[in-house]
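>>> predicted model and sequence below, questions to follow.
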Amino acid sequence: MRVLTKSGLHPVLVDVGASGDPPAIWKAIAKQSTYVGFDPDLREMKEGEGEFYKQIIVNEAITSDASLSSVCFYLTKSPFCSSTLEPDTEALANYHFHDLFTVERTATAPAATLGSVLKRVSLDRIDWLKLDTQGTDLRIFTSLPDGIRSRVLALDVEPGLIDAYKGEDLFVDTHAALLKEGFWLADANIGTAVRVRESSLKMVTPNKSLQYSYAGRALKKSPAYCEARYFRTLEWMVRGGRDRSEYILLWSFAMVDGQLGFAMDVALEYHKLFGEDEPGIMMRQESLARLRARSKVVVPLIKMKRLLKRMIGRNY
């Protein structure tokens, strides 16, 4: 992104629970960014070569408890379900995907708080934080030192809507806490699962693999978890006296997420607070160009729909 390069900014992107590839949305700013990925379960961990300006991979569990130097890690059948929390097998038994949470083994993993690891790698801030820790996202975020937590501009979390882990941080609590922290909900993707017990599926077919396929394709799905993205509000930015670089970063994050209206709000607020400078001009021009390009597609469609409604109204 040109404004990041021109401003000499290198966003710090932290990925806690980094099984699989880094978030695809970060590709647009990868070359300018420092990436820190955490995951003690490396069965699905992939390390990109030269994708980021700087890349650090930490094979360590993150805990919210500063008194712990290690944690028990529950390694499940699916690496994406592994957690420092024990799966709630009784509650999960109501869902067809409960087998994914089967604990294959436990392991003691070295652990540290996120703040202490950042200090170890000489980073004093996080600009965009992604937490996918299977049940502990909120407690890890709130365990960050105030000086680091207050500088997080974008936050991705994946809290549960059902009891998949014992004592987990659910969406209802996570959302309420983040609103109080000065965030607004920018995006939410609801993950689903079929609520049906194995005993019921056996009535259809005794074949276990067919049970899973049948449930996933033929039965209605219910909300199970939420992939949610939050950005800081402009009101919070003003109250906190955020500096030029933080507004530029927030604008950049909004742009890569496609939040074009909010990005323009940020650009105009930047101009109001800091006056006319090169980054401000670049942000306003890019925002306006993208908004106008979108209007060239959407506005004619709106006019066409209105015309059709009038024509239909005249005929009936």
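Thanks, I have the structure now.
>>> in terms of helices and strands, where is the nearest residue to Glu278 once chain neighbours are set aside?
Spatial nearest neighbour of Glu278, excluding adjacent residues (Cβ to Cβ, 6 or more residues apart in numbering): Lys6 at 6.6 Å. No exception for glycine: its C-beta is placed from N, CA and C like everyone else's. Per DSSP states H and E, Lys6 falls inside helix 2-7.
>>> tell me the average confidence for that helix?
In this model, helix 2-7 has a mean pLDDT of 94.
>>> packing partners for that helix?
helix 244-256, helix 278-315 (3 or more Cβ pairs under 8 Å, 6 or more residues apart in numbering; DSSP states H and E).
>>> buried ones in it?
3-4, 7 (16 or more other Cβ atoms under 10 Å).
>>> which is the next helix or strand following that helix?
Downstream of helix 2-7 (by DSSP H and E), the next one is strand 12-16.
>>> follow-up on the earlier one: what does the helix holding Lys6 rub up against?
In this structure, residues lying in contact with helix 2-7 by Cβ atoms under 8 Å, 6 or more residues apart in numbering are 10-11, 29, 32, 245, 248-249, 251-252, 278-279, 282-283, 286.
>>> surely Gly191 is within a helix?
No. Going by DSSP: H, G, I helix; E, B strand; the rest coil, the assignment for Gly191 is strand, not a helix.
>>> need the per-residue pLDDT for it.
We have a pLDDT of 96 for Gly191.
>>> show me what the residue lying closest to it once chain neighbours are set aside is bridged to.
In this structure, Gly191 finds its nearest non-sequential neighbour in Tyr225, 4.4 Å apart by Cβ to Cβ, 6+ apart. Here Tyr225 sits in beta bridges with Gly160, Gly191, going by DSSP bridges.
>>> what's the answer for Thr34, then?
Going by DSSP bridges, Thr34 forms beta bridges with Val12, Lys54.
>>> that one against Asp15, yeah?
No. Using Cβ atoms under 8 Å as the test, Thr34 is too far from Asp15 to be in contact (11.4 Å).
>>> the more surrounded of these two?
Higher neighbour count among Thr34 and Asp15: Asp15, with 24 against 18, using other Cβ atoms under 10 Å.
>>> who touches the more buried one in this structure?
Applying Cβ under 8 Å, 6+ apart to Asp15 gives the contacts 22-23, 35-38, 130.
>>> quick one: contacts for Met255?
Counted by Cβ under 8 Å, 6+ apart, Met255 has contacts 1, 263, 286-287, 290.
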